[in-house]
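A.B. asks: attaching a predicted model along with its sequence, questions to come.
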Amino acid sequence: MGMLRKLGATVTAVAFVGVGALTVGTTAQAATVAPKVAPKTAVAVPQKAAVKTKYIGRYHLDPRCMKGRVMCANKKTRKMVYLINGKTIYVLDARFGGSKTPTRNGQFKVYRKSKNHVSKLYKSKMPLAMFFSGGQAVHYSSDFKARGYNGASHGCLNIRDKAKLAKIYAQIKIGDKVVVYSG
């Protein structure tokens, strides 16, 4: 033992599980002697399946759009579909917010309507505005009609067909659903 201390080695006890052997040696010796252990077998752990929304029909409609009067806006297809109890009434081109002012995803309710609204923040006209989340609204956009998808809103859902939107505006009531998603 004195000799090992002089060399700076330590004494290590190594036990072989299942064999019952116990040896005493230096740390260096213990590192070279590896006990034989049966390899671990993989245990199957059940995992939650990824939740994937099944979109419905040609316009990839979110299932939340199937009941009541709903303005269903899909960022991927750039369409807003107006439905009543799952039946498509109108399909309109839609433009959404830019990267700095994105349109929020989610299920909302129309809480205010304003036929000839003008934004106090951006000083822009927002005819046929139906507000659904803070200052975000579905509304007609003359800029969208003129420039198409070259540009973006400040978070609102811009519609380019004023005649169809006017018909929807006449039917929508406070409390009706707006569903915005990336599908």
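C.D. replies: Noted; the coordinates are in hand.
A.B. asks: please count neighbours and contacts with C-alpha atoms only from this point.
C.D. replies: Will do.
A.B. asks: name the next helix or strand downstream of the longest helix that the chain contains, please.
C.D. replies: In the chain, assigned by DSSP state H, the helix with the most residues is helix 162-171. Per DSSP states H and E, the first helix or strand lying C-terminal to helix 162-171 is strand 177-181.
A.B. asks: give me the helices and strands touching that next one, please.
C.D. replies: When contacts are defined as 3 or more Cα pairs under 8 Å, 6 or more residues apart in numbering; DSSP states H and E, strand 177-181 packs onto strand 69-74, strand 106-109.
A.B. asks: run the chain-centre distance for it.
C.D. replies: Distance, stretch centre to chain centre, for strand 177-181: 13 Å (Cα atoms, centre = their mean, to the nearest Å).
A.B. asks: just checking: what are the partner strands of it?
C.D. replies: strand 69-74 (parallel), strand 106-109 (antiparallel) (DSSP bridges).
A.B. asks: just list the residues touching the nearest residue to Ser114 once chain neighbours are set aside, thanks.
C.D. replies: In space, and not counting its chain neighbours, Ser114 is closest to Ala129: 5.2 Å by Cα to Cα, 6 or more residues apart in numbering. When the contact criterion is Cα atoms under 8 Å, 6 or more residues apart in numbering, the partners of Ala129 are 113-117, 137-140.
A.B. asks: any stretches of the chain with poor pLDDT?
C.D. replies: 1-53 (pLDDT under 70).
A.B. asks: mind redoing it with 90?
C.D. replies: Per-residue confidence for the chain (pLDDT under 90) gives these ranges: 1-58, 183.
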